[in-house]
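J.: Sharing a sequence plus its predicted fold:
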Amino acid sequence: MPDVQGSADSRQVPINKVGVKDIRYPIALKCPATGGKQHTVAMVNMYVALPHYQKGTHMSRFLEVLNRHHQGIDSSDVMEVARDMKDRLEAEEAHLQMSFPYFIDKKAPVTGQPGKLDIEVTFEAVANGTEDIVLGIKVPATSLCPCSKEISEYGAHNQRCEMEAQVRFVDGQFMWIEELFELVEKCASTQVFAVLKRPDEKQVTEAAYDNPKFVEDIVRDLAIAMDDEPRIAWYRVASENFESIHNHNAYAVVERDKRED
């Protein structure tokens, strides 16, 4: 049958990324606490670079690559899938993006009530002769405004915040999702929990009051935490504070490649 996608194109316009997106697919991740695996469902995007002389890519081949892992993708397979895409579609560059919920076991700070906190995790892998993979997480937490605490007689306004960290590792190094999570959540005014009884709520509220932070404070503390972790080679950290007394959010970001030092 005629291969229309493989035919020539005369417009001389290369395409950076073309492919398929928003595929729901099972994924399994190793859990250091139990030695087992956590199973979840990822939203997957798969792209390749298309040269200027080729009319189109072969969309079905992306799913062929994915379905080679029909029992589910293991977290250690992410780079392998990107390499398979590059080879199967005969491309110069392949991109794999995955985002999925991941559950962290957390106990309430005073009563020890168990609960599961869900965070959003992402993998971004690029195969183009070399290999590049970025691990990302979004962590919910609490921030309390230093200015409000300073000027108010009766308390201070606080709000939920979402801290984000994307990291590349030094060659041969890695971190568990749980390790990166612990590094990030320490940088907020205080943590959030799935289950809180009254003694826990008292402790969490007072912890935030004793540790007020602007959004600028949070990202600076995140940057210092990433600088101090020798396994991290590059990072991008951000915080978005969902303001409780404004009709807008506060946001800050820091990006640094430690390899350039």
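T.: Cool, the structure landed. Numbering: from 1, shown residues only.
J.: From here on, just use CA atoms for contacts and neighbour counts.
T.: OK.
J.: Tell me how far the lengthiest strand in the chain lies from the chain's centre.
T.: The residue-count maximum for a strand in the chain (DSSP state E) belongs to strand 15-30. Its chain's C-alpha centre and that of strand 15-30 lie 14 Å apart, by C-alpha atoms, centre = their mean, to the nearest Å.
J.: likewise stretch 181-195?
T.: For stretch 181-195, the distance to the chain centre is 15 Å (C-alpha atoms, centre = their mean).
J.: returning to that earlier point: quick check: buried residues in the helix or strand that the longest strand of the chain is followed by?
T.: Next in sequence after strand 15-30, counting helices and strands by DSSP states H and E, comes strand 37-50. For strand 37-50, a neighbour-count test (16 or more other C-alpha atoms under 10 Å) marks 39, 41-50 as buried.
J.: now stretch 195-212
T.: 195-196, 200-201, 203-205, 208-209, 212.
J.: Now go through those and say which are in helices.
T.: 200-201, 203-205, 208-209 (DSSP state H).
J.: What segments of the chain are helices?
T.: Ranges of helices within the chain are 59-67, 78-88, 146-151, 177-185, 198-209, 215-228, based on DSSP H.
J.: Figure out which of these is closest to Gly115.
T.: Ranking these by distance to Gly115, with C-alpha to C-alpha as the measure, places helix 198-209 first at 12.9 Å.
J.: Send me that closest one as PDB with only the CA atoms.
T.: Extracted in PDB, the C-alpha atoms of helix 198-209 (Å, rounded to 0.1, in the frame of the first residue of the first chain):
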ATOM      1  CA  ARG A 198      -7.200  17.800  66.800                       C
ATOM      2  CA  PRO A 199      -3.700  17.400  68.500                       C
ATOM      3  CA  ASP A 200      -2.200  17.000  65.000                       C
ATOM      4  CA  GLU A 201      -4.000  20.100  63.700                       C
ATOM      5  CA  LYS A 202      -2.800  22.100  66.600                       C
ATOM      6  CA  GLN A 203       0.800  21.100  66.000                       C
ATOM      7  CA  VAL A 204       0.600  21.800  62.200                       C
ATOM      8  CA  THR A 205      -1.000  25.200  62.700                       C
ATOM      9  CA  GLU A 206       1.600  26.300  65.200                       C
ATOM     10  CA  ALA A 207       4.400  24.900  63.100                       C
ATOM     11  CA  ALA A 208       3.400  27.100  60.200                       C
ATOM     12  CA  TYR A 209       3.000  30.200  62.500                       C
END
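J.: Adding distance to Thr122 and mean pLDDT, write the helices of the chain out as TSV.
T.: Formatted as TSV, the helices of the chain follow (distance: least, C-alpha to C-alpha, whole Å; pLDDT from 0 to 100):
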stretch	distance to Thr122	mean pLDDT
helix 59-67	17	91
helix 78-88	11	92
helix 146-151	32	91
helix 177-185	10	95
helix 198-209	28	94
helix 215-228	18	97
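J.: would a markdown table of the ones you listed with distance to Glu162 be doable?
T.: Listed next are the helices of the chain as a markdown table, based on distance: least, C-alpha to C-alpha, whole Å:
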| stretch | distance to Glu162 |
| --- | --- |
| helix 59-67 | 31 |
| helix 78-88 | 26 |
| helix 146-151 | 18 |
| helix 177-185 | 10 |
| helix 198-209 | 15 |
| helix 215-228 | 10 |
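J.: closest to Asp261 out of these?
T.: helix 215-228 (11.4 Å).
J.: Next, the angle from that closest one to helix 177-185.
T.: Angle, helix 215-228 to helix 177-185, by axes from the mean of the first three to the mean of the last three C-alpha atoms, to 10 degrees: 140 degrees.
J.: buried ones in helix 215-228?
T.: 215-223, 226-227.
J.: got it, and stretch 182-190?
T.: So, applying 16+ other C-alpha under 10 Å, buried residues of stretch 182-190: 184-185, 187-190.
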